[in-house]
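>>> sequence? don't have it. structure:
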């Protein structure tokens, strides 16, 4: 299983970024997927999840209305569109296989290496 994130970077407050996650080594179209973030000194936080067909999504309250998760099963790729970014969104963002990738603060299942998102003026 390989999950490779891209699209992170530094952006000013109010800006936008689009993260991508290229998946391989498993049947992507049969797997629920998630985005998880971890800020320095904090535990991992499930940001968003999406079911296999893309019809059901979950968002943390902290990002609801600003972030949009999507997937392209033909391209084996997961996306996270992040708008109206805030300094508190600064974190390492990870793509993870499964709908519940964090249990009691512990990683569950397959995770990518992450991509850094920094929101600062």
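Nice, I can see it. For clarity, every value in this text was computed on a predicted model and none was experimentally measured.

>>> start to end distance for stretch 96-104?
16 Å (CA to CA, to the nearest Å).

>>> in the protein, which residue is most central in space?
residue 35 (2.4 Å; CA atoms, centre = their mean).

>>> can you name the residues in contact with the strand or helix carrying that residue?
With secondary structure defined by DSSP states H and E, residue 35 is part of strand 33-38. Residues lying outside strand 33-38 but in contact with it, judged by CB atoms under 8 Å, 6 or more residues apart in numbering, are 19, 21, 23, 44-50, 69, 71, 78, 80, 89, 91-102, 111, 114, 117. The way it works is simple: take the backbone N, C-alpha and C, and place the C-beta from them, glycine included.

>>> given that strand, what are its sheet partners and their directions?
Strand 33-38 has the following strand partners under DSSP bridges: strand 45-50 (antiparallel), strand 91-97 (antiparallel).

>>> nearest to residue 9, out of these?
Ranking the strands paired with strand 33-38 by their distance to residue 9 (criterion: CB to CB) puts strand 91-97 first, at 10.9 Å.

>>> now find how far off-centre the closest one is within its chain.
For strand 91-97, the distance between its averaged C-alpha position and the chain's averaged C-alpha position is 5 Å (CA atoms, centre = their mean, to the nearest Å).

>>> next: stretch 11-18.
In terms of CA atoms, centre = their mean, the centre of stretch 11-18 is set 15 Å apart from its chain centre.

>>> what of stretch 23-37?
For stretch 23-37, the distance from its own C-alpha centre to the chain's C-alpha centre is 11 Å (CA atoms, centre = their mean).
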